[in-house]
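**Student:** Structural data only, the sequence is not supplied:
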C-alpha cells in the first residue's frame, strides 16, 4: 500500500514547518558567527591573548576588558576569540579522520559481511564495554600528551562508533531494490557502493556526524581540562576552564564561566542543527 | 436492531487547509462485517484512526464517533483508554510494526490481558494459547517463547490477529489486515473472524483494496473517494448494483478471470 | 545457433537451495524447474509466497545464481558469459527487471531523466547529447510527460514511479523483461493502466515477459502460458486460459478456489487446503 494522503500532507507540512523553525536557524546563525570569529580571530581580538599584565589580574568586566581578565591578567575576550580556532579545528580534524576510517570500515562490513563484519562487531563491543576516555588516556600515555595526540586518540575511539552506525544504515540501504536494479543494469559492485549507495547514505550520516562534532568538541575540551590535550599558553577552551579554576575559590568566576559557556553554547547549537538535519533529510528519503 | 457498535456521523478531518475526510457516515452493528473500500489516499485508514483518536495533535476533527454508545471524540483521556481497552481492537497491515521485536510472542500476546484487564497470567496464557491454535498456528507452546524475527510475515499477522482477539473486543477494526497474506492463509484468518461473529456477535469494519474480497466477505460495503463515502451497497450486490460512476470505474478496473467470449 | 526453432529462453533443471542456519538443512527454493519462453511470449509464474517464483525471476535476471541446471538466453548460457564489466553489460542487455516496490527501486537522488540517461550511457546506447532525446522517447513510450522528466521519485505517484522503472528497463532494449509482482503494490485503476502499457509495449516490440504475480486474474490478463509452482517445483503448466479455467492439478484448483469471488467461503477454502495437504502426505508415503 502506498502512503496515504494524510501522511504525505503531514510530511509536507513538516518540511515547510521546519523551514520556519527559528531554533534551527538561530543555531545555524550562531555557528556561522562562531566560524567567522575563528577565521578572523587575529583581527577581532583587541589584545594579544598571551600578553601577561600583572597590573590587571582578575579584573572585572570593564570597557578596557569587556569580559575581564584571568589570573595572569590576560584579556579573556581575546583568549576566547583566539581559542575558537583550536577549539573548532581539533574536533573537525578528529571527525574527518574518524569518518574516513569509520565509513570505509562500515561499508566494507555491510557489503562484504564475513570476517570484517565479525571483527568490527568485536572491536565495537570492546569499545562500548571500555570507557572511551580510558582508551584515550591509554593512547596518550603511550604517545605522550598534546593536542595532536588527543585528536588522534579520540579519532581512533570514534571510528568504530561511526563504523557501526554506517554499517547499519548501509545494510538498510543495500536492502533497497534500487541496488538490485543497478545490478540488473550491469553496474559492478564497487561502483554501486561508492557512486550510488554512499551518496544515498550521506543525508542520514550527515546529521549524525554533526552531532558527533559536538561530542568531539566536548571530548577534546575534557582532555585539555585534564591536562592531556592542548598545553599552555594555548587558549583552547577546555584548558581555559582548567586554568581559570584557581579563581573560583577567590570569587572570580569569569575565567571559568566564559569558556565554559562558550563550549556549552556551541555544543547545544551543534546538537540542534545535527538532530534537525537528520530529521529533515529523513523526511525526504 | 440494537444500537450499532460503531457509529460515525458527519465526521470531517482536516490538517490546516487540507481536507482529509468530509462528512463521513458509517455504522457497524453487532455480528456484522462492513467493508470500507477505495484507493490509496481515499481516507479509509484516516477514518479508522480518527475513530480511535489516533491522530496527530495538528488534526482538527468535527462530527461524532460513538463506540458502544460512548462518544469517542468527547470523552476525557481516561475514558478513551477504557473504550480502547474494552470495546475495540485494531489490526493494521504491517505486523512487524505492531509487535515489540525484543519481546517474546507470548508476552506480546498476553500483556494487554494482564496489564489492562488484570487477569491472572496463567489464565491469560491459556487464552493466548487457545487463540494461537485457533488462528492456525501449530505448536503454540513453542511459538509463545519465540521472538517476532523468528516467524514469517504470514505467521506474525496471525499472531497480531490472535492478540487483537485476546481481550474479546466487541468491535474489530481491520485495516488491510489480510492483504499481505496468501489467499489460502487469508481464508483461514477470515474463517476465524466469521466464527467469532457468529459465536459472540463480533462486529468488524474491514478495510481492503480487494473489491472481490469485500464483495464475497462483507455484509455491507462503503465506497470511499477523496475523503467521502460515495456509495453504500450490500456485499452481494457490490459488482451488480453499483450506481456511482466512481464505484463503477473502480469495479471495471478490477481484473477478473472471465469466461472466454470467443 | 539461434534459429527460430529454439526458444529465446531455455531453462533446464534449475535448482537453488538456501542455507538459513548453520547445521540446519538447506531450504530448497527452486527444485528442478525447466521452462522456455519464446520471443514475444509472456510466461506467468504463480504460487504462494515461498513457492520459489521470485527466486526463479531473480535467477533469470542474474541477481541469484542457480546451484545446478542451465539457463540459456538467445542460445548463450547465462552462467558462462564470464566476469568483468563487458560480460556484465552483455548479460544486462539480454534481461531487465521491474521490481515490486516502485519507490525503493528508483535511486531517490536522481531525476527521472537522469535515471534513464544513466542506463543508456552505461550501455553506450546514447552518446552524450542524444541521451536526453532518448530519455524523452522512453518517457513518451511509457506515457509520462516531458515535465515529469525533471522530477525526483518522491514527487511521483506509485504508478508514475513504476512507469519510470519500466522505461529504465526498456532503455537498454532487452530481449526479456522480468516483472516481479510489478503491479501488486498499485491501486486497481493504476494497475489497469500499467497492464495496458505492458500490452502496448508487447505489441510494439517482440519483447518476452516473465511475469511473476500472486494475483491470478492479473496473470490471466497478461500472460500466454503459465507455470504453477508449489514448494519450489512446477506442479502444472500450460496455456494460461486453460490452466486457470480447467485446472488439472489439485493445488491449482486450491489456488483458484481461494481467490475471493462469487460463492467464495473461507471455511470451504480451509477444507480444500486440508484435503490437498492430506493428498500430498498420502502421495509421499
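**Tutor:** Sure, I can see it. No experiment lies behind these values; they were computed from the predicted model shown.
**Student:** Any buried residues in the strand or helix carrying residue B:81, and which?
**Tutor:** Assigned by DSSP states H and E, residue B:81 falls within helix B:77-86. By 16 or more other Cβ atoms under 10 Å in any protein chain shown, the buried positions in helix B:77-86 come out as B:80, B:83, B:84, B:86. C-beta here means a position set from N, CA and C on the backbone, and glycine is covered the same way.
**Student:** Give me the distance between the first one and residue A:256.
**Tutor:** Taking Cβ to Cβ, to the nearest Å as the measure, residue B:80 falls 51 Å from residue A:256.
**Student:** do the same with the third one
**Tutor:** Taking Cβ to Cβ as the criterion, residue B:84 is separated from residue A:256 by 53 Å.
**Student:** do residue C:20 as well
**Tutor:** When Cβ to Cβ is applied, the distance between residue C:20 and residue A:256 equals 60 Å.
**Student:** Can you list phi and psi of residue B:145 for me?
**Tutor:** Recorded main-chain torsions at residue B:145 are phi -90, psi 0, according to degrees, to the nearest 10.
**Student:** OK, contacts around the closest residue to it other than its chain neighbours?
**Tutor:** With Cβ to Cβ, 6 or more residues apart in numbering or on different chains as the criterion, residue B:145 has its nearest non-adjacent residue at 5.8 Å, and that residue is residue B:104. Taking Cβ atoms under 8 Å, 6 or more residues apart in numbering or on different chains, we find residue B:104 in contact with B:144, B:145, B:146, B:147.
**Student:** quick one: which of those residues is nearest residue C:157?
**Tutor:** residue B:147 (36.7 Å; Cβ to Cβ).
**Student:** picking up where we left off before, could the buried residues of helix B:77-86 be laid out in TSV, adding pLDDT and distance to residue B:255?
**Tutor:** Listed next are the buried residues of helix B:77-86 as TSV, based on pLDDT from 0 to 100; distance: Cβ to Cβ, whole Å:
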residue	pLDDT	distance to residue B:255
B:80	88	42
B:83	86	40
B:84	85	38
B:86	83	42
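**Student:** Make a markdown table out of the residues you listed and add distance to chain A.
**Tutor:** Output for those, formatted as a markdown table (distance: Cβ to the nearest Cβ, whole Å):
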| residue | distance to chain A |
| --- | --- |
| B:80 | 20 |
| B:83 | 22 |
| B:84 | 20 |
| B:86 | 27 |
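**Student:** any idea whether the residue most central in space within chain C is helix, strand or coil?
**Tutor:** Nearest residue to the geometric centre of chain C (Cα atoms, centre = their mean): residue C:179, 2.9 Å. When classified by DSSP: H, G, I helix; E, B strand; the rest coil, residue C:179 comes out as strand.
**Student:** List the contacts of the helix or strand harbouring residue A:24.
**Tutor:** Using DSSP H and E, residue A:24 maps to helix A:22-39. Outside helix A:22-39, the residues that touch it by Cβ under 8 Å, 6+ apart are A:18, A:44, A:81, A:84-85, A:88-89, A:265-266, A:268-270, A:272-273, A:276.
**Student:** let's see it at 10 Å
**Tutor:** Helix A:22-39 is contacted by residues A:18-19, A:21, A:44-45, A:80-89, A:210, A:213, A:262, A:265-266, A:268-277, A:279-280 when judged by Cβ atoms under 10 Å, 6 or more residues apart in numbering or on different chains.
**Student:** now do stretch A:122-134
**Tutor:** A:105, A:135, A:137-138, A:153-154, A:156-161, A:163-165, A:167, A:215, A:219, A:222-223, A:226, A:228.
**Student:** switch the cut-off to 8 Å
**Tutor:** Residues outside stretch A:122-134 that contact it (Cβ under 8 Å, 6+ apart) are A:135, A:157, A:160, A:161, A:163, A:164, A:219, A:222.
**Student:** Let's have these in TSV, adding pLDDT and distance to residue C:107.
**Tutor:** Shown next, in TSV, are these (pLDDT from 0 to 100; distance: Cβ to Cβ, whole Å):
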residue	pLDDT	distance to residue C:107
A:135	81	39
A:157	87	34
A:160	86	29
A:161	86	28
A:163	88	24
A:164	87	25
A:219	89	36
A:222	89	42
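**Student:** ok, and the most crowded of the residues you listed?
**Tutor:** The most crowded member of the contacts of stretch A:122-134, judged by other Cβ atoms under 10 Å in any protein chain shown, is residue A:163 (28 neighbours).
**Student:** Can you check my assumption that it lies in a strand?
**Tutor:** No: counting by three-state DSSP, residue A:163 falls outside a strand, being helix.
**Student:** List the buried residues in stretch A:94-102.
**Tutor:** Result for stretch A:94-102 [16+ other Cβ under 10 Å]: buried residues A:94, A:95, A:97, A:98, A:99, A:101, A:102.
**Student:** Tell me which helix or strand residue C:36 sits in.
**Tutor:** In this assignment (DSSP H and E), residue C:36 forms part of strand C:27-37.
**Student:** quick one: strands adjacent to that strand?
**Tutor:** Sheet partners assigned to strand C:27-37 using DSSP bridges are listed as strand C:9-18 (antiparallel).
**Student:** Counting neighbours, which bits of the partner strand end up buried?
**Tutor:** By 16+ other Cβ under 10 Å, the buried positions in strand C:9-18 come out as C:9, C:10, C:11, C:14, C:15, C:16.
**Student:** Then stretch B:219-235?
**Tutor:** Buried positions in stretch B:219-235, judged by neighbour count with 16+ other Cβ under 10 Å: B:219-231, B:233, B:235.
**Student:** one step back: and after the helix holding residue A:24, which helix or strand comes next?
**Tutor:** For helix A:22-39, the succeeding helix or strand toward the C-terminus, using DSSP H and E, is helix A:41-44.
**Student:** neighbours around whichever residue of the stretch 151-285 of chain C sits closest to chain A, how many?
**Tutor:** Per Cβ to the nearest Cβ, residue C:158 is where the stretch 151-285 of chain C lies closest to chain A, at 4.5 Å. Residue C:158 is flanked by 21 other residues according to other Cβ under 10 Å.
**Student:** Quickly note the distance from residue A:213 to chain B.
**Tutor:** 31 Å (Cβ to the nearest Cβ, to the nearest Å).
**Student:** would that residue count as being in a helix?
**Tutor:** Yes: secondary structure assignment places residue A:213 in a helix (three-state DSSP).
**Student:** which ones are touching it?
**Tutor:** Counting by Cβ under 8 Å, 6+ apart, residue A:213 makes contact with A:91, A:92, A:95, A:270, A:274.
**Student:** same question, residue B:114
**Tutor:** The neighbours of residue B:114, taking Cβ under 8 Å, 6+ apart as the test, are B:120, B:121, B:124.
**Student:** Quick one, which of those residues are buried?
**Tutor:** Using 16+ other Cβ under 10 Å as the burial test, the contacts of residue B:114 include residue B:124 as buried.
**Student:** Out of the contacts of residue B:114, which sit inside helices?
**Tutor:** Residues of the contacts of residue B:114 located in helices (DSSP state H): B:121, B:124.
**Student:** Including pLDDT, could the contacts of residue B:114 go into TSV?
**Tutor:** Shown next, in TSV, are those (pLDDT from 0 to 100):
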residue	pLDDT
B:120	87
B:121	86
B:124	89
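**Student:** now the host helix or strand of residue B:111, how far from the centre of its chain.
**Tutor:** Using DSSP H and E, residue B:111 sits in helix B:105-111. Remark: helix B:105-111 is offset 20 Å from the chain centroid, using Cα atoms, centre = their mean, to the nearest Å.
**Student:** Stretch C:143-161 vs chain B: in contact?
**Tutor:** Yes: counting by Cβ under 8 Å from any Cβ of the partner chain, contacts between stretch C:143-161 and chain B involve residue C:158.
**Student:** For that stretch, measure first residue to last.
**Tutor:** 12 Å (Cα to Cα, to the nearest Å).
**Student:** Just the buried residues of it, please?
**Tutor:** So, applying 16+ other Cβ under 10 Å, buried residues of stretch C:143-161: C:144, C:148, C:149, C:151, C:152, C:153, C:156, C:158, C:159, C:160, C:161.
**Student:** looking at it, the last one is touching residue C:103, isn't it?
**Tutor:** The one in question is residue C:161. Yes: with contact defined as Cβ atoms under 8 Å, residue C:161 counts as touching residue C:103 (5.9 Å).
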